[in-house]
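Asker: Give me coordinates for this.
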Amino acid sequence: MILPKIYNLFKISNKKDIRVFYYFFIIAFVVFFLEFFSTAFLIGILIKLLNDETVIFSNQILNNFEIYLKNLELFEILFYTLIIFLFKNILLVIFRFFQLKYSMEFQKNLSISLLKKILISDLLSVQKDNSAYKFRNIYTEVGWVRKLMLQTADLLTETFIIAGIALTLIFYDPYLVLFSILFFGTSIGIIYFAFYKKNKKWADERLKLGGNLILNIIQSLSSVKEIKIFRKIKKTVEYFDLTYQKYIRNAIIHGIVKSSSKPWVETFTIFFIFLVIYYFSSEGYAQDEIFSKLGIFFICLVRIMPSLLKIYNIIYTINFLENSVNLIKDEIVDDLVYQNEIQKEKENNDQKNIIDIEVKNLTYNYPNSQAQVLDNVNFNFKKGKINTIIGASGSGKTTLLNLLLGLIELTKGEILINNKNFNGKIYESLNVGYVPQDVFLFDDTIKNNISFMEKSDKFIDDKLEKSAKISEIYDFIQSLPDKFDHIIGEKASKISGGQIQRIGLARALFNNPDILILDEFTSSLDLSTEKKLMTTLQKIKNDKLIIIITHREQTIKFSDNVLDLTRKDS
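Answerer: Coordinates of the predicted model:
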């Protein structure tokens, strides 16, 4: 039952991670032998203190070892025992260090893989799920999976610890060990299965509530203005409080059930000791012999119980986190697919001399929808002109743009570039610049925002200056104290809307694109600022194929070629 869940963990691990698990196994095996001999030494100390000659092991090697210990001074036995325990515990500390180191690396690799999957997926797949749940998976759930990796390593270690101690006892009294295994196995099994179904239910709730909590935070931070204007501060806080209360309640239930194992196991242990005492007494064992046997088993139980509790909690946690592993497993990207995408970025054919883009008989409806967003669209956009797409809201302007770029898959019709059929992703094969309606800027320097984090050198700096001058933002940048190193603030709070759009235009022009696409990029600007930007585009249009999506009349006045997507029935 547990092994398939651990196997799922291996399925989302790369070869390096699996190799690390092998190293963990080897270390755990060394711990097994150290536990075996340290237990033998502790029994030797007890025998020495009790001066008990009746203790006999079924294994001759172990028996001879105990005879050897009897001939040593008590101080010597204590010293050797201390050395073994010291070595074992140093090994366990080192083991823990590597566990934490590689588990953090494991978490990082999972997060990167999830981000890769999002970035190389088609646009419809990315937009299908809420960004809050993507954030949860990349940041929160991979943390739980990392915890599961640590728990799996701990399960291996604790199992070997118990095995090492139990092996020593088997050579002393195999029947009592067998009874112990049956007793504690049954007891822990009863506790485990009593909460098994509820554990799965709580795990489902945790996953859902974690996503809702992040969604609530993102939505609240994104709508501060609306919350203030509509006087919904109290309502927003109350809703967040309600969501958090549900999350806390789930965490408390999980914590209580997990921690309740300790008192139950302790109760079962006391009951077990009473049963053993009763059995030995009823079989007529002498009191000294009973104390000797109990002393040996008590030493072992004291050392086994923490491991037994940890194993129960680990198994409980593995079940609780199963959903996280399954969720991540379905979102992990095939590294070969990712490398192919990166190779395409590197190759970037950058086909030059773009003359025109022609669309023939393009029809499109979204998956699982019968409604046609675009119906038999035909047009020809030429280089050296400002080509404009207009249309009412919902007429398919942005959808057409996404189809042109290859962000969503073409289902019917043709896209021709220089009169040749083109079915790929335009942004992969051609040098494209793009300015969206809402330009996203990093809370970073203007330089990094325009260059998209390119490492600075003379070539990059020249491109930076050129694109800033063309977009007519250069003089503004030079007026700033730190110039291109000026930090623009979160959501570009330290610059105006017109400056944001010009930085977005500079970013689009940074690589000197042959195709420049602008999606409603002036919709939030005043007419004066829009006119200045359109005048800038007029200056650079001769060596570029420019496509603008808009609904504003002034933009149309600057256009050389207009495609109207307004539906006849609208």
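
Asker: residues in contact with residue 523?
Answerer: Residue 523 is in contact with 437, 550, 551, 552, counting by C-beta atoms under 8 Å, 6 or more residues apart in numbering. All C-beta spots, glycine's among them, are computed from the backbone N, C-alpha and C.

Asker: By neighbour count, which of these wins?
Answerer: residue 550 (25 neighbours; other C-beta atoms under 10 Å).

Asker: quick one, domains of this structure?
Answerer: Taking automatic domain parsing as the criterion, the chain consists of the domains 3-337, 356-564.

Asker: Now do the buried residues in stretch 174-189.
Answerer: 176, 177, 180, 183, 184, 187, 188 (16 or more other C-beta atoms under 10 Å).

Asker: whoops, stretch 369-379 was the one
Answerer: The neighbour-count check on stretch 369-379 (16+ other C-beta under 10 Å) flags 373, 374, 377, 379 as buried.

Asker: next one: stretch 269-276
Answerer: 269, 272, 276.

Asker: just stretch 120-139 next, same as before
Answerer: Within stretch 120-139, the residues that count as buried by 16+ other C-beta under 10 Å are 120, 132, 133, 134, 135, 136, 137, 138.

Asker: give me the element the spatially closest residue to the third one that is not a sequence neighbour is part of.
Answerer: Read it as residue 133. Nearest non-adjacent residue to residue 133, counting by C-beta to C-beta, 6 or more residues apart in numbering: residue 211, 4.6 Å away. Residue 211 is part of helix 196-222, with elements assigned from DSSP states H and E.

Asker: mind listing the helices for the stretch 451-570 of the chain?
Answerer: In the stretch 451-570 of the chain, the segments counted as helices under DSSP state H, counting those that start in this stretch are 458-470, 474-479, 497-509, 527-540, 553-557.

Asker: now, of the ones you listed, which is deepest in the fold?
Answerer: Most buried of the helices of the stretch 451-570 of the chain, by mean neighbour count (mean count of other C-beta atoms under 10 Å): helix 497-509, with a mean of 23.

Asker: who's in contact with that one?
Answerer: Identification of contacts with helix 497-509 by C-beta under 8 Å, 6+ apart yields 433-436, 439, 441, 446, 449-452, 467-468, 470-473, 476, 488, 492, 495, 516, 518, 521-522, 524-526, 529, 532-533, 536, 540.

Asker: who touches residue 310 in this structure?
Answerer: 154, 158.

Asker: what helix or strand is it on?
Answerer: Using DSSP H and E, residue 310 sits in helix 287-320.

Asker: so the helix or strand that that helix is followed by versus helix 287-320, what angle?
Answerer: Downstream of helix 287-320, the next assigned helix or strand under DSSP H and E is helix 322-331. Comparing the axes of helix 322-331 and helix 287-320 via axes from the mean of the first three to the mean of the last three C-alpha atoms, to 10 degrees yields an angle of 40 degrees.

Asker: need the strands for the stretch 351-500 of the chain, in chain order.
Answerer: For the stretch 351-500 of the chain, the strands defined by DSSP state E, counting those that start in this stretch cover 356-364, 374-382, 386-390, 412-417, 420-421, 432-435.

Asker: quick one, which of these is nearest to residue 167?
Answerer: strand 432-435 (66.8 Å; C-beta to C-beta).

Asker: buried ones in the closest one?
Answerer: Residues of strand 432-435 classed as buried by neighbour count (16+ other C-beta under 10 Å): 432, 433, 434, 435.

Asker: just stretch 540-550 next, same as before
Answerer: Quick answer for stretch 540-550 (16+ other C-beta under 10 Å): 541, 544, 545, 546, 547, 548, 549, 550.

Asker: buried stuff in the helix holding residue 211?
Answerer: Within helix 196-222, the residues that count as buried by 16+ other C-beta under 10 Å are 199, 202-203, 205-216, 220.

Asker: What is the end-to-end distance of stretch 388-398?
Answerer: Stretch 388-398 has an end-to-end distance of 12 Å (C-alpha to C-alpha, to the nearest Å).

Asker: can you list contacts of it?
Answerer: Contact with stretch 388-398 is made by 364, 373-374, 377, 400-401, 519, 547-551, 555-556, 559, 561-567, 570, as judged by C-beta under 8 Å, 6+ apart.

Asker: check contacts around the residue nearest to the spatial centre of the chain.
Answerer: Ranked by distance to the mean C-alpha position of the chain (C-alpha atoms, centre = their mean), the top residue is residue 138 at 2.9 Å. By C-beta under 8 Å, 6+ apart, residue 138 lies in contact with 111, 114, 115.

Asker: Near the last one, how many other residues are there?
Answerer: For residue 115, the count of nearby residues is 14 (other C-beta under 10 Å).

Asker: ok, now the second one?
Answerer: Counted by other C-beta under 10 Å, the residues lying close to residue 114 total 21.

Asker: May I have the predicted confidence score for the residue nearest to residue 133?
Answerer: Reported pLDDT at residue 211 in the predicted model: 81.

Asker: Now do the contacts for it.
Answerer: Contacts of residue 211 by C-beta under 8 Å, 6+ apart are 130, 132, 133, 136.

Asker: redo that, cut-off 10 Å
Answerer: By C-beta atoms under 10 Å, 6 or more residues apart in numbering, the contact set of residue 211 is 129, 130, 132, 133, 134, 135, 136, 137, 140, 141.

Asker: separation between it and residue 139?
Answerer: 11 Å (C-beta to C-beta, to the nearest Å).

Asker: same deal with residue 191?
Answerer: From residue 191 to residue 139 the distance is 33 Å (C-beta to C-beta).

Asker: do the same with residue 356
Answerer: Distance from residue 356 to residue 139, counting by C-beta to C-beta: 45 Å.

Asker: and what of residue 219?
Answerer: 17 Å.

Asker: Then residue 251?
Answerer: To residue 139, residue 251 is 17 Å away according to C-beta to C-beta.

Asker: for the chain, longest helix please?
Answerer: For the chain, the longest helix by residue count, based on DSSP state H, is helix 74-120.

Asker: What is that helix packed up against?
Answerer: When contacts are defined as 3 or more C-beta pairs under 10 Å, 6 or more residues apart in numbering; DSSP states H and E, helix 74-120 packs onto helix 15-50, helix 60-70, helix 123-128, helix 131-135, helix 142-170, helix 322-331, helix 335-347.

Asker: Just want the angle from it to helix 322-331.
Answerer: Angle, helix 74-120 to helix 322-331, by the same axes, to 10 degrees: 50 degrees.

Asker: now helix 74-120 against helix 142-170, angle please.
Answerer: Angle, helix 74-120 to helix 142-170, by the same axes, to 10 degrees: 150 degrees.

Asker: hey, which helix or strand in the protein has the poorest pLDDT?
Answerer: Sorting the helices and strands of the chain by mean pLDDT, DSSP states H and E puts helix 335-347 at the bottom, at a mean of 58.

Asker: Output stretch 92-109 in PDB with nothing but the alpha carbons.
Answerer: The C-alpha trace of stretch 92-109 is given here as PDB (Å, rounded to 0.1, in the frame of the first residue of the first chain):
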ATOM      1  CA  LEU A  92      23.300  10.200  11.300                       C
ATOM      2  CA  VAL A  93      24.000  14.000  11.500                       C
ATOM      3  CA  ILE A  94      26.000  13.800   8.300                       C
ATOM      4  CA  PHE A  95      23.200  11.700   6.800                       C
ATOM      5  CA  ARG A  96      20.700  14.400   7.800                       C
ATOM      6  CA  PHE A  97      22.800  17.100   6.300                       C
ATOM      7  CA  PHE A  98      22.800  15.300   2.900                       C
ATOM      8  CA  GLN A  99      19.100  14.600   3.200                       C
ATOM      9  CA  LEU A 100      18.300  18.300   3.700                       C
ATOM     10  CA  LYS A 101      20.700  19.400   1.000                       C
ATOM     11  CA  TYR A 102      19.400  17.000  -1.700                       C
ATOM     12  CA  SER A 103      15.800  17.400  -0.700                       C
ATOM     13  CA  MET A 104      16.100  21.200  -1.200                       C
ATOM     14  CA  GLU A 105      17.700  20.500  -4.500                       C
ATOM     15  CA  PHE A 106      14.900  18.100  -5.300                       C
ATOM     16  CA  GLN A 107      12.300  20.800  -4.500                       C
ATOM     17  CA  LYS A 108      14.100  23.300  -6.600                       C
ATOM     18  CA  ASN A 109      14.200  20.900  -9.600                       C
END
